[in-house]
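K.L.:
fold the following, please.
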Amino acid sequence: MWLKYSKYFLWLAYAYFSYLLLLITLQYIPYHTDVAFLRIKQDVIVFNHYKIAFFTHVYTSIFLMIFGAFQFSNYIQRKNIKLHRISGRIYVGILLLLSGPSGFVMSYYANGGLFAQFSFMLLSIFWMLFTFLTLYFILKKQVIQHQKFAIRSFALTLSAISLRLFKYLLVFFLEPLPMDAYRIAAWSGWIFNLLVAEIIIYYKFSRISK
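P.N.:
Numbers count the residues shown, from 1 in each chain. Predicted coordinates for the structure are as follows:
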C-alpha cells in the first residue's frame, strides 16, 4: 500500500517545491536588481554579462521544472506521446540554449570562493552534457540510453531544490557559518541527486537486462 501511494506523495512534494521556486522567480518580476539574492551580489550585477546570465537563468529555469516533469509522467507517455515529445524538445532547447549556459556564467561568480565556484561549473557542464546525450540517444533511437540520461539530466535540474534544502538542513541541525553551509550545499546538492539517479537507473534497468 505504501508503494501505491508514495508516488502521489512525491508528486505533491515536487509541486510544493516547484511552487516555492516560482515564488523566488516572482521576486524578480518586474525587473529588479536589488532584491532577494541580488542584494548580496551588488558587486557583480553591474556587469552586463552577469546581469543577462542571471535573469536568463531565473526566468527560464522554472519552465524546466514544468516540462521536465512531463517527461516522467507515465500517464502522458501512455496517453499522449506527442506531448511527451514536444515538452522534451522544449526542455532540451531551454536548457542547452538558455539555462545551462547562463548557469555556467553565473558559476564563475558564485559565493563561497573557488570551492563553490568549481562545484557550480561542474554542475553546469554535466547538466548540459547529460541533456545533450538525452537528445543524442533518442535521435539514434537508443531508447534505454535516452531514458538513463534523461534521469541524470532531470536529477541535476532538481538541484535547484536540493541545494536550498541541504543548506536549510545544515543550518537547522549543525549551525555552521553561513558561507560554510553554502559551500557544503554547493556540492552535496547535486552529487546527492546524481547518486539517487544512479540508484534509480540501476533498479529500473537491471530488470530489463535480465
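
K.L.:
buried ones in the helix or strand hosting residue 19?
P.N.:
In this assignment (DSSP states H and E), residue 19 forms part of helix 2-26. Across helix 2-26, burial judged by 16 or more other C-beta atoms under 10 Å covers 14, 17, 18, 21. No exception for glycine: its C-beta is placed from N, CA and C like everyone else's.

K.L.:
adding pLDDT and distance to residue 114, write those out as a markdown table.
P.N.:
Output for the buried residues of helix 2-26, formatted as a markdown table (pLDDT from 0 to 100; distance: C-beta to C-beta, whole Å):
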| residue | pLDDT | distance to residue 114 |
| --- | --- | --- |
| 14 | 89 | 33 |
| 17 | 88 | 29 |
| 18 | 90 | 31 |
| 21 | 90 | 27 |
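
K.L.:
still on that earlier bit, tell me what the helix holding residue 19 is packed against?
P.N.:
helix 48-70, helix 159-173 (3 or more C-beta pairs under 8 Å, 6 or more residues apart in numbering; DSSP states H and E).

K.L.:
got these as JSON lines, with distance to residue 127 columns?
P.N.:
Shown next, in JSON lines, are these (distance: least, C-beta to C-beta, whole Å):
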{"stretch": "helix 48-70", "distance to residue 127": "10"}
{"stretch": "helix 159-173", "distance to residue 127": "8"}
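
K.L.:
could you save the ones you listed as JSON lines and add columns showing distance to residue 31 and mean pLDDT?
P.N.:
What follows is those, written out as JSON lines (distance: least, C-beta to C-beta, whole Å; pLDDT from 0 to 100):
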{"stretch": "helix 48-70", "distance to residue 31": "7", "mean pLDDT": "93"}
{"stretch": "helix 159-173", "distance to residue 31": "21", "mean pLDDT": "91"}
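
K.L.:
closest to residue 142 out of those helices?
P.N.:
For those, proximity to residue 142 was assessed by C-beta to C-beta; helix 48-70 is nearest, at 20.4 Å.

K.L.:
quick revisit: distance from the chain centre to the helix holding residue 19, please.
P.N.:
Chain-centre distance of helix 2-26: 14 Å, with C-alpha atoms, centre = their mean, to the nearest Å.

K.L.:
pipe the helices and strands packed on helix 2-26 into CSV and attach mean neighbour count and distance to residue 181 per row.
P.N.:
Formatted as CSV, these follow (neighbours: other C-beta atoms under 10 Å; distance: least, C-beta to C-beta, whole Å):
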stretch, mean neighbour count, distance to residue 181
helix 48-70, 18, 22
helix 159-173, 17, 4
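
K.L.:
since that was my last question, I'll sign off now.
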